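>>> Got a predicted structure plus its sequence, pasted below:
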Amino acid sequence: GYVRMPRAEAERFEALHGPGTLLDDFLRPNGQQRVSLRVNVNAALDDRTDLDARVNYIRNDTRFITDGGGGGVITSAVRGPGYRDEQNGYSSTTPPAQTFATKRDETVNRFVTSLTARWRPTDWLSFRGTAGLDHISSDRSGLSRAGEGEPPAQGVFDHVLLGGSNYTADLAATATAPLSERWTSATAVGVQYTRTNSTELWSRALGLPPGGTGNTGGTTNTIRSTRSESYVLGAYVQQQLALNNRLFLIAALRGDGGSAFGDDVSLAAYPKASVSWLISEEPFMPRVDALTSLRLRAAWGASGVQPRRADVIPSYAYGTAVVDGQIVNSAVLDQIGNPDLKPERQRELELGLDLELFGSRVGLEATYYNRVSHDALVTVNVFPSNGSFSRLENLGSVRNRGVEGSLRLGLVDARPVRWDVIVGGSYNQNRLL
């Protein structure tokens, strides 16, 4: 890593704790190693069937230091007296030597894989199926040796094991048909399934003896574990009509239901509609040499933000606690839940245009939007006597409206070099309704 303990701090640390106590992890307390492997396989079984398989593995090992909040090197320097003293000018609470002596490591493993199959039994009908898995695990630990780490330096070892898996399945079918010489139709239907689970195991050993480095042997040992699981099942139908391959009309309806919804909500429906018109290709448009294409578009649709399963039902954290000097099993109410919780609903209207000039060397995109959110998911404080300090509730409505756009200039277009300059901007007005 690029961070190194200052020489004056290293000398002060060894003078305080004795020769040989300054480990290499203290001198260079941060570092990172990353490994990424990716494999993509495409296979055509015949003229109408093909398969795509993707596998990606990522491992990330990180050693880092604390900086921010009430501690850290930068905070210690800002709070220092401004001149060199027995703490080398740093704050007396967290000088770099003590901060760097607190070791923090994290290892993250992530495995992502998917398999997609496409089948075209006829020229007008096609099927697609996709199954995927995204699994991630994290092993995070923090060690502050007795008498060496950040104050009060009583010897602490924290260990957190995190795991999570996201399973997805997507099935879709699309049928296309010419309705006349000018009109064509495309109808799509599909089903999507998502299942997510996560686990956490946290342990702490407080009051480690000199030389103690593990999660046992402390005067106080605490363990806590949590687990959550949820699923969402959705289905949709979409109809598209095209006129002369210039005017496109789309209408769709989607329905979602899942375990994360409250007891009184079983299904959430989200309609949408859009129109796109390549008006520059119409016969009545005057021909202008500089004009490459002009498209007008409008869209209206609804969407939702799903609450977590843990926000709906009461959840407990299981672990151990010390009662009268004895370690006993414990169950603590972690979240009181809200069985009446509903998904946050959003409705949005968009109007825009896409303009290209001089053989697509100049491009302009402009959009006006008006988005209103109902049943906003808001964290609300509750009385601690309920067993928790807060819970999620559906409160109020929020409106966001404004404009956004971008301008693209193609300055150089000569193989093998292409140079585009893109300038974008937006204006948003937010109001609580």
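Alright, I've got the coordinates. Numbers count the residues shown, from 1 in each chain.

>>> any idea how far residue 314 is from residue 172?
37 Å (CB to CB, to the nearest Å). All C-beta spots, glycine's among them, are computed from the backbone N, C-alpha and C.

>>> no no, residue 141
Counting by CB to CB, the gap from residue 141 to residue 172 is 44 Å.

>>> What of residue 11?
Residue 11 is 67 Å from residue 172, by CB to CB.

>>> of those two, who's got more company?
residue 172 (17 against 14; other CB atoms under 10 Å).

>>> residues contacting that one?
127, 128, 129, 188, 189, 190, 191 (CB atoms under 8 Å, 6 or more residues apart in numbering).

>>> which of these are buried?
Buried residues within the contacts of residue 172, counting neighbours by 16 or more other CB atoms under 10 Å: 128, 129, 188, 190.

>>> now, the most widely separated pair of these?
129 and 188 (13.8 Å; CB to CB).

>>> For residue 131, pull up the helix or strand it's in.
Taking DSSP states H and E as the criterion, residue 131 maps to strand 125-144.

>>> That strand: what's the following helix or strand?
Counting by DSSP H and E, what follows strand 125-144 is strand 156-178.

>>> List the buried residues for that following strand?
156-160, 162-165, 168, 170-172, 174.

>>> Can you tell me which helices and strands the helix or strand following it packs against?
Remark: after strand 156-178, the chain's next helix or strand is strand 183-206, criterion DSSP H and E. Strand 183-206 sits against strand 156-178, strand 220-243, with contacts defined as 3 or more CB pairs under 8 Å, 6 or more residues apart in numbering; DSSP states H and E.

>>> ok, and for the last one, which residues are buried?
Neighbour counts using 16+ other CB under 10 Å place 221-224, 226, 228, 230, 232-236, 238, 240-242 of strand 220-243 among the buried residues.

>>> do the same with stretch 123-133
126, 128, 129, 130, 132.

>>> go on, stretch 337-352?
Here stretch 337-352 shows 337, 338, 341, 342, 343, 344, 345, 346, 347, 348, 350, 352 as buried, counting by 16+ other CB under 10 Å.

>>> Excluding chain neighbours, give the residue nearest to the fifth one in space.
By that I understand residue 343. Leaving aside its sequence neighbours, residue 343 sits nearest to residue 304 (CB to CB, 6 or more residues apart in numbering; 4.1 Å).

>>> Hmm, that neighbour is touching residue 270, no?
Yes. Applying CB atoms under 8 Å, one finds residue 304 in contact with residue 270, separated by 6.2 Å.

>>> Are there residues contacting both of those two? Which ones?
Common neighbours of residue 304 and residue 270, using CB under 8 Å, 6+ apart, are residue 256.

>>> ok so, going back, show me the buried residues of stretch 337-352 that map onto strands.
344, 345, 346, 347, 348, 350, 352 (DSSP state E).

>>> Looking at those, which has the smallest pLDDT value?
Here the lowest pLDDT out of these sits on residue 344, with 85.

>>> Look up how far residue 396 lies from that residue.
Taken as CB to CB, the span from residue 344 to residue 396 is 10 Å.

>>> Give the residues shared as contacts by these two.
residue 376.

>>> Return the helix or strand in this structure with minimum mean pLDDT.
When each helix and strand of the chain is scored by mean pLDDT, DSSP states H and E, strand 67-68 comes last, with a mean of 49.

>>> Which residues does stretch 131-141 contact?
104-115, 157-170.

>>> Go ahead and produce CSV holding the CA coordinates of it.
Provided in CSV are the C-alpha atoms of stretch 131-141 (Å, rounded to 0.1, in the frame of the first residue of the first chain):
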residue,chain,number,x,y,z
ALA,A,131,-30.8,-18.7,-15.2
GLY,A,132,-28.2,-17.0,-13.0
LEU,A,133,-26.5,-17.1,-9.7
ASP,A,134,-24.6,-14.3,-7.9
HIS,A,135,-22.9,-15.4,-4.7
ILE,A,136,-20.7,-13.3,-2.5
SER,A,137,-18.9,-14.0,0.8
SER,A,138,-16.9,-11.7,3.0
ASP,A,139,-14.5,-12.5,5.8
ARG,A,140,-13.7,-9.3,7.8
SER,A,141,-11.7,-9.0,10.9
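
>>> so which strand or helix has residue 99?
Using DSSP H and E, residue 99 falls in helix 96-100.

>>> List the buried residues of the next helix or strand after that helix.
Sequence-wise, the next helix or strand downstream of helix 96-100 (DSSP H and E) is strand 102-119. The neighbour-count check on strand 102-119 (16+ other CB under 10 Å) flags 102-104, 106, 108-112, 114, 116-119 as buried.

>>> same question for whichever strand or helix holds residue 298, mean pLDDT?
Assigned by DSSP H and E, residue 298 belongs to strand 291-305. Mean pLDDT, strand 291-305: 93.

>>> from here on, count from 22
Fine by me, first position is 22 from now on; the one you just mentioned is strand 312-326.

>>> Give me the contact list for it.
For strand 312-326, the surrounding residues in contact (CB under 8 Å, 6+ apart) are 277, 289-302, 306, 364-381, 398.

>>> ok, now stretch 376-387?
Residues from elsewhere that reach stretch 376-387 (CB under 8 Å, 6+ apart): 311-316, 373-375, 424-431, 434.

>>> one more time with 6 Å
311, 313, 314, 315, 373, 374, 375, 426, 427, 428, 429, 431 (CB atoms under 6 Å, 6 or more residues apart in numbering).

>>> Let's have those in TSV, adding distance to residue 100.
As requested, those are exported to TSV (distance: CB to CB, whole Å):
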residue	distance to residue 100
311	62
313	60
314	60
315	60
373	51
374	54
375	54
426	45
427	44
428	47
429	48
431	52
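
>>> Mind checking which of these are buried?
Buried residues within these, counting neighbours by 16+ other CB under 10 Å: 313, 315, 373, 374, 375, 426, 429, 431.
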